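*Asks:* The amino acid sequence is not available; the structure is as follows:
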């Protein structure tokens, strides 16, 4: 453990809160000190939910540690059941309360409540938020489906069996505080509706404990986010012989593969199924990505960092569907480290698996990408480095819980990806053009609107140039010839002449730092102490070979 000003994931009890908040009729009694109630703000302020999470905190204080904190927990549990009348209760401890070892599970069991109680063992100092969400979901499903009989191996669905009965599935993985989970769920439902596949249960999103008991009734499971629903899907396959989907439908190609996988599980013709989905859920991304504007952006260098599911999907879509070049791939999800490393190796890269945002910033600065795809932290990093960025993964801030419909999955999600990823690059070109003409007589800051015939308020063309009216000499002329010689690799002593700085300013801002870095490296290699306009173009020719 180390002190940090930023963390990609909260402790595992925050993951448990995400499950409890997503569901209905479930309550979470959390043994925690007063300060741990901060987690409520993640849902009310960041996700903008209209209600507080269904969590009761024991909120013990320092003076309570000399008393019976176990009785404090039991009183909180009894009062929560009496007040909220939940169908089921989950109990656990926060990272701080874990240290006093009060055993919330045993204490709740001794109360002999008349509702199911699911104890959570979440090791706060070894695991993180996503693992906590997955473990909570798994323990809930395991406890609430206990004793339900399996009907044996599910028969392979065929077109004939489909005609006799309706095929249904469960949709697993959507939680509170998830990145676009609400909209992804709606988009996947549109695909299932187009195929005539019914939805038995959506969980944990909006599900009740009584719904969890109905999970075994479905023919198969749709796994949206493997880091949350993977353990549950594996459990249901072992216990009730339910197969589950492997493809995450992010991007056009993955969505097509997802539809074919659904068709196979439901006994449908894959080609007919795909035609139905295309008719119901049209995508413009395939055409947009091959249009003139997008072709101009082909080959842009992109750095990807996020949770396992979204990072892998973004790398695939960026390279296979957008024509971008991947220069960095990483994740803070250690549970997905193996998949990330295999994918990065296929791209000729080494995966960055870290929870330290400073390591991520250093990697981005070294890679000098044209676009960063990451979390809220990568947005801040890219802003500091002057690079375009699009958010693709949690953790996110309030602006990434939009009021509009904005999925990442399905064909509509592919449209959203195009807009979200390409527009920062297009806006970069626009800002570059504005910068290029900033000193133009018609467009400088002091100029009035040209269509109104005004050209500023007292600012003349000559006033735009510093030292107007004074005799000036170029820095190259004032430097002795020997001053333009530097030792190889002595970059810190290299300086830029005004004409070179001005020429550098004409380069688009999103690649300007890379151009500066390359030029300085070239100058050091050539032993040049003062970079001129000619040096800039010589460096460009050198690295363009």
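*Replies:* Sure thing, it's come through. Because the structure is a prediction, the values reported are computed rather than measured. Numbers count the residues shown, from 1 in each chain.
*Asks:* CA only for contacts and neighbour counts going forward, please
*Replies:* Noted.
*Asks:* can you pull the contacts of residue 408?
*Replies:* Under the criterion of CA atoms under 8 Å, 6 or more residues apart in numbering, the contact list for residue 408 reads 180, 183, 184, 250, 414, 416, 417.
*Asks:* before we move on, what about residue 178?
*Replies:* residue 394.
*Asks:* let's see it at 10 Å
*Replies:* By CA atoms under 10 Å, 6 or more residues apart in numbering, the contact set of residue 178 is 18, 22, 47, 225, 393, 394, 395, 396, 401.
*Asks:* Next, format the residues you listed as JSON lines and append secondary structure.
*Replies:* Shown next, in JSON lines, are those (DSSP: H, G, I helix; E, B strand; the rest coil):
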{"residue": "18", "secondary structure": "helix"}
{"residue": "22", "secondary structure": "helix"}
{"residue": "47", "secondary structure": "coil"}
{"residue": "225", "secondary structure": "coil"}
{"residue": "393", "secondary structure": "coil"}
{"residue": "394", "secondary structure": "coil"}
{"residue": "395", "secondary structure": "coil"}
{"residue": "396", "secondary structure": "coil"}
{"residue": "401", "secondary structure": "coil"}
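*Asks:* hang on, the earlier thing: between the contacts of residue 408, which is nearest residue 405?
*Replies:* residue 183 (6.1 Å; CA to CA).
*Asks:* ok, and the closest non-adjacent residue to the closest one?
*Replies:* Distances taken as CA to CA, 6 or more residues apart in numbering put residue 407 closest to residue 183, at 4.6 Å, once the chain neighbours are dropped.
*Asks:* now swap in residue 213 and tell me
*Replies:* Nearest to residue 213 is residue 145, by CA to CA, 6+ apart, at 5.2 Å.
*Asks:* doesn't residue 217 make contact with the one you found?
*Replies:* No: at 11.0 Å, residue 145 does not count as touching residue 217 under the criterion of CA atoms under 10 Å.
*Asks:* And those two? Which one has more around it.
*Replies:* The neighbour count for residue 145 versus residue 217, taken as other CA atoms under 10 Å, is higher for residue 145 (19 against 16).
*Asks:* pLDDT at that one, what is it?
*Replies:* As predicted, residue 145 sits at a pLDDT of 96.
*Asks:* Same check on residue 486?
*Replies:* The predicted local confidence for residue 486 is 45.
*Asks:* now swap in residue 164 and tell me
*Replies:* The model's pLDDT for residue 164 equals 50.
*Asks:* The one 5 residues further on now?
*Replies:* Note on residue 169: pLDDT of 98.
*Asks:* Quick check: it is in a strand.
*Replies:* Yes: judged by three-state DSSP, residue 169 forms part of a strand.
*Asks:* Specify the beta-bridge partners of it.
*Replies:* Per DSSP bridges, residues listed as beta-bridge partners of residue 169: residue 199, residue 220.
*Asks:* residues in contact with the residue nearest to residue 183?
*Replies:* Residues in contact with residue 407 (CA under 10 Å, 6+ apart) are 179-188, 250, 413-417.
*Asks:* I'd say residue 37 and residue 60 touch.
*Replies:* No: judged on CA under 10 Å, residue 37 makes no contact with residue 60 at a distance of 11.2 Å.
*Asks:* shared neighbours of the two, anything?
*Replies:* Contacts common to residue 37 and residue 60, judged by CA under 10 Å, 6+ apart, are absent.
*Asks:* mind listing the strands for this protein?
*Replies:* In the chain, the strands defined using DSSP state E lie at 26-31, 55-57, 88-93, 117-119, 168-172, 198-203, 220-223, 301-306, 325-331, 352-353, 371-374, 389-391, 495-496, 530-531.
*Asks:* Same list, those strands, but as JSON lines with distance to residue 82 and mean neighbour count please.
*Replies:* Shown next, in JSON lines, are these (distance: least, CA to CA, whole Å; neighbours: other CA atoms under 10 Å):
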{"stretch": "strand 26-31", "distance to residue 82": "11", "mean neighbour count": "26"}
{"stretch": "strand 55-57", "distance to residue 82": "12", "mean neighbour count": "20"}
{"stretch": "strand 88-93", "distance to residue 82": "12", "mean neighbour count": "25"}
{"stretch": "strand 117-119", "distance to residue 82": "14", "mean neighbour count": "22"}
{"stretch": "strand 168-172", "distance to residue 82": "30", "mean neighbour count": "24"}
{"stretch": "strand 198-203", "distance to residue 82": "26", "mean neighbour count": "21"}
{"stretch": "strand 220-223", "distance to residue 82": "35", "mean neighbour count": "26"}
{"stretch": "strand 301-306", "distance to residue 82": "41", "mean neighbour count": "26"}
{"stretch": "strand 325-331", "distance to residue 82": "43", "mean neighbour count": "25"}
{"stretch": "strand 352-353", "distance to residue 82": "45", "mean neighbour count": "21"}
{"stretch": "strand 371-374", "distance to residue 82": "44", "mean neighbour count": "27"}
{"stretch": "strand 389-391", "distance to residue 82": "42", "mean neighbour count": "24"}
{"stretch": "strand 495-496", "distance to residue 82": "73", "mean neighbour count": "18"}
{"stretch": "strand 530-531", "distance to residue 82": "76", "mean neighbour count": "22"}
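*Asks:* Same list (those strands) but as a markdown table, adding distance to residue 100.
*Replies:* Formatted as a markdown table, the strands of the chain follow (distance: least, CA to CA, whole Å):
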| stretch | distance to residue 100 |
| --- | --- |
| strand 26-31 | 10 |
| strand 55-57 | 15 |
| strand 88-93 | 10 |
| strand 117-119 | 17 |
| strand 168-172 | 35 |
| strand 198-203 | 33 |
| strand 220-223 | 37 |
| strand 301-306 | 34 |
| strand 325-331 | 33 |
| strand 352-353 | 32 |
| strand 371-374 | 37 |
| strand 389-391 | 39 |
| strand 495-496 | 60 |
| strand 530-531 | 64 |
